[in-house]
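Engineer: Prediction below, plus the sequence it came from.
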2 protein chains.
Amino acid sequence: MKPTLARLGETGLLDLLTRRWNYDRRVLTGVGDDCAVLRGQGTYLLFKTDAVVEGVHFTSKTPAHLIGRKALARALSDIAAMGGRPLAALVTIGLPPNEPVARLRGIYRGLEKIARELKVNLVGGETTRARGLFLSIALLGECRGHHPVLRSTARAGDLLYVTGRLGATQARRHLTFTPRLAEGEWLARHHIASSMMDLSDGLGADLPRLARASRLSFRVDPKALPRARGATVEAAWNDGEDYELLFTVSPSRAKTLKKKWPFATPLHCIGEMRPFREGAGRAGSAHGFDHFKQR
Amino acid sequence: MKPTLARLGETGLLDLLTRRWNYDRRVLTGVGDDCAVLRGQGTYLLFKTDAVVEGVHFTSKTPAHLIGRKALARALSDIAAMGGRPLAALVTIGLPPNEPVARLRGIYRGLEKIARELKVNLVGGETTRARGLFLSIALLGECRGHHPVLRSTARAGDLLYVTGRLGATQARRHLTFTPRLAEGEWLARHHIASSMMDLSDGLGADLPRLARASRLSFRVDPKALPRARGATVEAAWNDGEDYELLFTVSPSRAKTLKKKWPFATPLHCIGEMRPFREGAGRAGSAHGFDHFKQR
C-alpha cells in the first residue's frame, strides 16, 4: 500500500519533504519554527505563510469578514511567537468563479480591519480560480534591536508559561482572537522568554514540538492549566486554535516577569522543562489536531 | 443580477478590493506592480506571492516536478521584473488527503532543483487539506545598491523592448522556462530600463498595464514582434505565460543597451511609448488571458 497523506500525517510529511534542505548564511532559522528568520542590516526579518481553507478552517456559514480576520490573525500570531512586529502582508485568494463578489468584499473588509488595528501594511493581493475557497497569507515582520525568540532555546529547569486561557475552540474564539503581538514583543525585548511558540494545534501537540526543538522533556501540572469557561482539562490540553503564547523562562527571570508583566492578559505557570529522557513528556492524552491524521 | 467573479474579471476585482488601501512610509510600492517594495536599511525588499492551481495552471497529467518548478519560477519572474535578486521562499501546499505522497515528493524535488539552480533559500513549507491541489509561493527578494525598476516610470518617447520570443504557450515552455533574473538585475543595476514588468498574461494584456501605470499610450509594430517557432503574430500578442521581460529604455540609453547586452537571450525593440491619448494603444486584439473572464 502506497503511503498517502492521511496515513503519514502533516508533521511526518513535512519532516520527510524538508529533511534535506539547507540554507546560506543569511538564514538564521528555516523550517521548524513559527517563522523563518533572515539576517538583515541591524534587523532580523521574519517570514511566514499561512493558509485557511473552506471546510477545514472555516465553513460556508462563517461570516466573510471573520474569514479574512482569521487568516491574517493566524499569521500574526506566528510573528508574535518570535517577539516580532509585523511589517507587510500579501493575500492570495483562490475561489470558484461563481463566488459572489459580496463574499470577497466581506473577506477583504475583515482583512483591512485587523490590518489597521495591528498596523500591518496590506501591500498586495492576488486572486486565482480554484475548486474551493482558500486564503493564503504571506507575512513579513521584523525584530529590530533584539533577537527573535526561537523554539529551540529552552533550557532544563526553565519554567513553562502560557498566556490567556486554553480550550476555547467551541466559543468562536478561533475566529475572533487577537494575536499576542504586544506580549510577544515585550517578552523578547526584555529577554524574559528563553523559548517561545504560539499554540495553534493544541498544547498537547505543540508543547512536544517545543520540547523536541530544544531537546528536552517537560512536566505539566494538569491542575495548573488555565481553562476557558466550560473547558475541561482535556479540552485545555487537546483543543487546537488557542493562539496563545507558550514560552519558557529561567527561574531567575521568572521574578522579573511576575513583577513587571504590564498586560491585562492572564499569565500562568503550568510546569517546567526537564532534561531529555526518552519517552518522557509524552504521557497522557498528548495528541493535538493534525490536519491529515485520520481519527 | 449580483456581480460574480466571472463577470467582473480578475483585474476588475482586485481594483475594486484594493482601491482604498494605504500604507506607511516603509512601503515604496504596494498593489499594482510585480512585487511590493519595502524600504530596508541600504536595501529594498521585494515581496511577492503567487499561486498555481490544478486545472488552471497545470493538470493532473503534469509531471509533479514541473508543477513545483513552475510555481517557484513564476514568482521568481516577478523578482526579475523589478531587477531584484531572490532571498528566500516559503511554500504552501493545499491538497486532498488521498493524494499519493510520491506526487508531493515530486513537487518538492522540482522546487528544490530550481531553488538550488537560482540560489533561493527554501525556508519553510506548510501543507493543508484542500479540495484541489494548489501551491502558493511567498518570495522575498532584494535590490541592494540600486533602485527597483517599477512599471510606473516609463516616459513618452522611450523605446519598448522584450527579451526572448513570444507566443510559446503550446510548447510546454510555461512549465520549463527560466526566469530572467540575471537580465533583469543587469538592466536595473546599469540604469538601462526606465520601467519593467514580466509577461505572464500575454503582451496584449500586460503592455496596457505598464502603459496605464505610467499614464502613457504605446505603439507596437506587429512585424517587430519576436515570435516563438510556429507562433503567429496573434499568438505572440495574445498568448499568456511567456515569462519574458517587457521594458522601456530612453533613446539615449538604447545605444548602451545594444552595445553592452551581455546575454545570449534575444532582445528586440518592438515599439515605443507615446504621450497618453484616450483610447490609444488599445487597438487590435488586445486581450490577454484573464483568469475569471468568460470567453
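Structural biologist: All right, it came through fine. Quick caveat: nothing in here was measured; it's all calculated off a predicted structure. Numbering: from 1, shown residues only, chains lettered A, B, ... in the order given.
Engineer: In chain A, which residue is most central in space?
Structural biologist: Nearest to the geometric centre of chain A sits A:Asp198, at 3.7 Å (C-alpha atoms, centre = their mean).
Engineer: Neighbours of the nearest residue to it once chain neighbours are set aside, how many?
Structural biologist: Once flanking residues are discounted, A:Asp198 sits nearest to A:Ala81: 3.9 Å by C-beta to C-beta, 6 or more residues apart in numbering or on different chains. For glycine as for every other residue, the C-beta is placed from the backbone atoms N, C-alpha and C. By the criterion of other C-beta atoms under 10 Å in any protein chain shown, A:Ala81 has 34 neighbours.
Engineer: and A:Ala81, what does it touch?
Structural biologist: A:Ala81 is in contact with A:Asp34, A:Cys35, A:Val149, A:Gly184, A:Met196, A:Met197, A:Asp198, A:Leu245, counting by C-beta atoms under 8 Å, 6 or more residues apart in numbering or on different chains.
Engineer: Helices along the stretch 51-200 of chain A, start to end?
Structural biologist: Along the stretch 51-200 of chain A, counting by DSSP state H, counting those that start in this stretch, helices occupy A:64-80, A:101-117, A:173-176, A:181-189.
Engineer: And the last one, how far out from the chain middle?
Structural biologist: In this case it means helix A:181-189. Distance of helix A:181-189 from its chain centroid, counting by C-alpha atoms, centre = their mean, to the nearest Å, is 14 Å.
Engineer: same thing with stretch A:27-36?
Structural biologist: 13 Å.
Engineer: Do that stretch and chain B come into contact?
Structural biologist: Yes: looking at stretch A:27-36 against chain B by C-beta under 8 Å from any C-beta of the partner chain, the contacts come from A:Val27, A:Thr29, A:Gly30, A:Val31, A:Cys35, A:Ala36.
Engineer: Single out the most deeply packed of the helices of the stretch 51-200 of chain A.
Structural biologist: Counting by mean count of other C-beta atoms under 10 Å in any protein chain shown, helix A:64-80 has the highest mean neighbour count of the helices of the stretch 51-200 of chain A, with a mean of 25.
Engineer: what is the mean pLDDT for that helix?
Structural biologist: The average pLDDT for helix A:64-80 rounds to 97.
Engineer: do the same with stretch A:166-184
Structural biologist: pLDDT averaged over stretch A:166-184 gives 87.
Engineer: likewise stretch A:131-143?
Structural biologist: 94.
Engineer: quick check, it touching chain B?
Structural biologist: Yes: using C-beta under 8 Å from any C-beta, a contact is recorded between stretch A:131-143 and chain B, made by A:Arg131, A:Gly132, A:Phe134, A:Ser136, A:Ala138, A:Leu140.
Engineer: So among the residues you listed, which ones count as buried?
Structural biologist: Using 16 or more other C-beta atoms under 10 Å in any protein chain shown as the burial test, the residues of stretch A:131-143 next to chain B include A:Arg131, A:Gly132, A:Phe134, A:Ser136, A:Ala138, A:Leu140 as buried.
Engineer: As JSON lines, the residues you listed with distance to B:Phe58 would be great.
Structural biologist: Shown next, in JSON lines, are these (distance: C-beta to C-beta, whole Å):
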{"residue": "A:Arg131", "distance to B:Phe58": "14"}
{"residue": "A:Gly132", "distance to B:Phe58": "17"}
{"residue": "A:Phe134", "distance to B:Phe58": "17"}
{"residue": "A:Ser136", "distance to B:Phe58": "17"}
{"residue": "A:Ala138", "distance to B:Phe58": "21"}
{"residue": "A:Leu140", "distance to B:Phe58": "28"}
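Engineer: Surely A:Thr43 and A:Gly141 touch.
Structural biologist: No: the pair A:Thr43 / A:Gly141 is not scored as a contact, 10.2 Å apart, by C-beta atoms under 8 Å.
Engineer: So for the two, which residue has more residues nearby?
Structural biologist: Neighbours were counted for A:Thr43 and for A:Gly141 using other C-beta under 10 Å; A:Gly141 has more, 28 against 16.
Engineer: so which of the helices of the stretch 51-200 of chain A gets nearest chain B?
Structural biologist: Among the helices of the stretch 51-200 of chain A, helix A:101-117 comes nearest to chain B, with 4.5 Å by C-beta to the nearest C-beta.
Engineer: Who are the packing partners of that closest one?
Structural biologist: Helices and strands touching helix A:101-117, by 3 or more C-beta pairs under 8 Å, 6 or more residues apart in numbering or on different chains; DSSP states H and E, are helix A:64-80, strand A:85-95, strand A:121-129, helix B:5-8, helix B:10-18.
Engineer: and if we set it to 7 Å?
Structural biologist: Helices and strands touching helix A:101-117, by 3 or more C-beta pairs under 7 Å, 6 or more residues apart in numbering or on different chains; DSSP states H and E, are helix A:64-80, strand A:121-129, helix B:10-18.
Engineer: between these, which gets nearest to A:Gly145?
Structural biologist: For the helices and strands packed on helix A:101-117, the distance to A:Gly145 is smallest for helix A:64-80, at 15.8 Å, taking C-beta to C-beta.
Engineer: check contacts around the residue nearest to A:Trp261 when sequence neighbours are not counted.
Structural biologist: Leaving aside its sequence neighbours, A:Trp261 sits nearest to A:Leu267 (C-beta to C-beta, 6+ apart; 5.6 Å). Listed by C-beta atoms under 7 Å, 6 or more residues apart in numbering or on different chains, the contact set of A:Leu267 reads A:Tyr161, A:Thr163, A:Trp261.
Engineer: and of those residues, the nearest to chain B?
Structural biologist: Lowest distance from chain B to the contacts of A:Leu267 (C-beta to the nearest C-beta) belongs to A:Thr163, with 23.6 Å.
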